[in-house]
Each structure stands twice: as C-alpha cells, then as structure tokens.
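Colleague: I would like to see how this sequence folds:
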Amino acid sequence: MTPKCRERLKAVTRWWVTTGRKCVPGFRSTWRSWPKRRRRCSASAKSALDLLRLVLAYSVCDWSLRLVGAWATVIGLGSLSDVAVRKRLCHSLAWLGRIIGAWLQQRQCRLAGRVGCVRLIDASTASEPGSRGTDWRFHAKFDLGTFSLTGVEITDASGGETLKRHTAQEGEINVADRGYAHREGWGAIFAALAYIVVRITWQNLPLETAEGQRFDLIGWLESQSCYPCETLAWVVTPIGRVAVRVVAQRLPEDKAAAARRRARKAARKKGHTPSFTTGHFYTNSPSSNI
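Modeller: Coordinates of the predicted model:
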C-alpha cells in the first residue's frame, strides 16, 4: 500500500470514528426505506454502515475494486471479489442519493433564519456563421439552491454585463465576476436590499474612506502581513454611499504566475503589464453570511 493510500485510509477511518457512527439513525432509516431487492443485492455488506464504508473505501481512497474487496475481507465486512464489490457499488447509487438528500434537508433546517439564497451571475457570447466577432450575448442568473436558471436575457454585442439586468430579491447573495464591478449595477442590487460578492482588480472601482478620501487599495494590500485579510471601505452608487467589505487573498505562486501570463498576453497590445499578486473582492454582506 502506497503512502498516499495509507493517508486516505486514515482519513476514512478518522471520519468513521468521529462522524460516521453518529449518523447511524439516518442511515438506517434510508436503508429500511430502500427496496428489499436492492438490499439483497448488497448482501455481504450486512448493514447500511458497512455498505457506506465500502463506498468510502472505493471513492475516497481511490482503490481498485480488487483492493477494496481484499480490504473488506481483512476488516471483516465480508468476503468480496472485485465483481461483487462493483455490483454492490452500482446498486447503492439510489440509496446514496437518498442519504445526500437527507443531509441537505438537515443542513437546510440548520440554516433556517440565515441567508441561504446564493445566485451566480455571468454572461457568454455567440457568433453567427462567418462572423469574426461577437454577435450575441447571453446574460444568465443561476440559483445554487435549486440548481436551475432563474433568469436569461439575450442581447446583441452592445449589451454589456451589468447587475442592473437581473432582478434581485431581498436577502439573496449575488456572486459575479469583475465584469460586473460597476457602480450603477451595484446600486440596483443595494436598492433591493440584496447582497453582492464581486471579484475585482485594483483599478475597477474607486473606493473611499469613511472620511470621503480616496482609499489606497494598493497601499493597503502592501501593508498586510497575512492573508486572507479584509477592511471596510465605501463606494459611491446612484443610491448614495454604501459601505462594503474589501476581502483579499494572496494567490499561490503557481496560480499568480499563470494569471500574469494570461494578463500579459491579453494586455500586450495595450502596452502595460498588470500585476496579479492577490485576488480580492467586494461584498456588502455581513461576515455572518459569508
């Protein structure tokens, strides 16, 4: 067994000791509601927890079916061949889906009273046959809770990215990329009493201090000794000055190097070389939500 496999096995065992046994009632209830013919197909995994351990050994440890069968035999789960392990894993899909559904329901109950609606906003482009540029732009809003689109708008190439296109509901969190770092769009979201989380670059959006002076973002970043870090700043929108949290995280060196290469390639024609040493975003959401 390789060191990597041993570490993964330790992680599965640790989860089993600290968490898995505490979930017995939930697993047993989903197991009892599972059709008997399906449970018979999982014989030799004598209980819901035995089958779950089999699934974890295969998926988390990334073992072969034969190795999972040998491991199950050694620890007393059952004498299983690789074919038998595969059969049990395949027949457990519906049961695993029920477990995930039960966990999500429990999580939803624990999140009652908190902001739980998170929606992703982005746009994509399309070109007509023979065209050398952008002809159409698709603006979409995606709800992570229901895993479905909640809004789509199609415009021509002149239709830019803006949060103003999307209707916001009170309390929801709207996540967008730096293309949406515009004060007019932010004002529409703030007016709806909703939240935003927008990734930006240092020159996207002017910020102010509490006294109304220019906020020196670069100076603030250079003064930080540990990451992630955050501070409070103000942005002027059509509905007035609004306080936002500025959150920054230093990129790993390999990610920063890749970002610099992409930025230099895109900016070569413009004659400048941007710096990507940190990734940062703005949000008006309180820290208790994010």
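
Colleague: what about residue 66, how many residues close to it?
Modeller: Residue 66 has 14 neighbours, counted by other C-beta atoms under 10 Å. Yep, even glycine has a C-beta here, placed from its N, CA and C like the rest.

Colleague: Dump the C-alpha coordinates for the helix or strand that contains it into PDB.
Modeller: Using DSSP states H and E, residue 66 sits within helix 65-75. C-alpha atoms of helix 65-75 as PDB (Å, rounded to 0.1, in the frame of the first residue of the first chain):
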ATOM      1  CA  LEU A  65     -12.300  -2.900  -7.000                       C
ATOM      2  CA  ARG A  66     -10.000  -5.900  -6.100                       C
ATOM      3  CA  LEU A  67      -8.200  -3.900  -3.400                       C
ATOM      4  CA  VAL A  68     -11.500  -2.800  -1.900                       C
ATOM      5  CA  GLY A  69     -12.600  -6.400  -1.800                       C
ATOM      6  CA  ALA A  70      -9.400  -7.500  -0.100                       C
ATOM      7  CA  TRP A  71      -9.700  -4.700   2.400                       C
ATOM      8  CA  ALA A  72     -13.300  -5.600   3.200                       C
ATOM      9  CA  THR A  73     -12.300  -9.200   3.800                       C
ATOM     10  CA  VAL A  74      -9.400  -8.300   6.100                       C
ATOM     11  CA  ILE A  75     -11.500  -6.000   8.400                       C
END
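
Colleague: which parts of the helix or strand just after that helix are buried?
Modeller: Following helix 65-75 in sequence order, the next helix or strand is helix 82-91 (DSSP H and E). Buried positions in helix 82-91, judged by neighbour count with 16 or more other C-beta atoms under 10 Å: 84, 85, 86, 87, 88, 89, 91.

Colleague: tell me which of those is nearest to residue 185?
Modeller: residue 89 (47.3 Å; C-beta to C-beta).

Colleague: Read off the pLDDT value for the nearest residue in space to residue 156 that is not next to it in sequence.
Modeller: Once flanking residues are discounted, residue 156 sits nearest to residue 136: 6.4 Å by C-beta to C-beta, 6 or more residues apart in numbering. Note for residue 136: predicted pLDDT of 92.

Colleague: What of residue 201?
Modeller: The model's pLDDT for residue 201 equals 70.

Colleague: From what I see, it and residue 179 are in contact.
Modeller: No. Judged on C-beta atoms under 8 Å, residue 201 makes no contact with residue 179 at a distance of 10.8 Å.

Colleague: For residue 57, pull up the helix or strand it's in.
Modeller: Residue 57 belongs to helix 48-59 when assigned by DSSP H and E.

Colleague: CA atoms only for that helix, dumped as CSV, please.
Modeller: The C-alpha trace of helix 48-59 is given here as CSV (Å, rounded to 0.1, in the frame of the first residue of the first chain):
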residue,chain,number,x,y,z
ALA,A,48,-26.1,0.5,6.0
LEU,A,49,-22.8,1.5,7.6
ASP,A,50,-21.0,-1.5,6.2
LEU,A,51,-22.1,-0.5,2.7
LEU,A,52,-21.1,3.1,3.3
ARG,A,53,-17.6,2.1,4.4
LEU,A,54,-17.3,0.1,1.2
VAL,A,55,-18.3,3.1,-0.8
LEU,A,56,-15.9,5.4,1.0
ALA,A,57,-13.0,3.0,0.6
TYR,A,58,-13.6,2.9,-3.2
SER,A,59,-14.3,6.6,-3.8
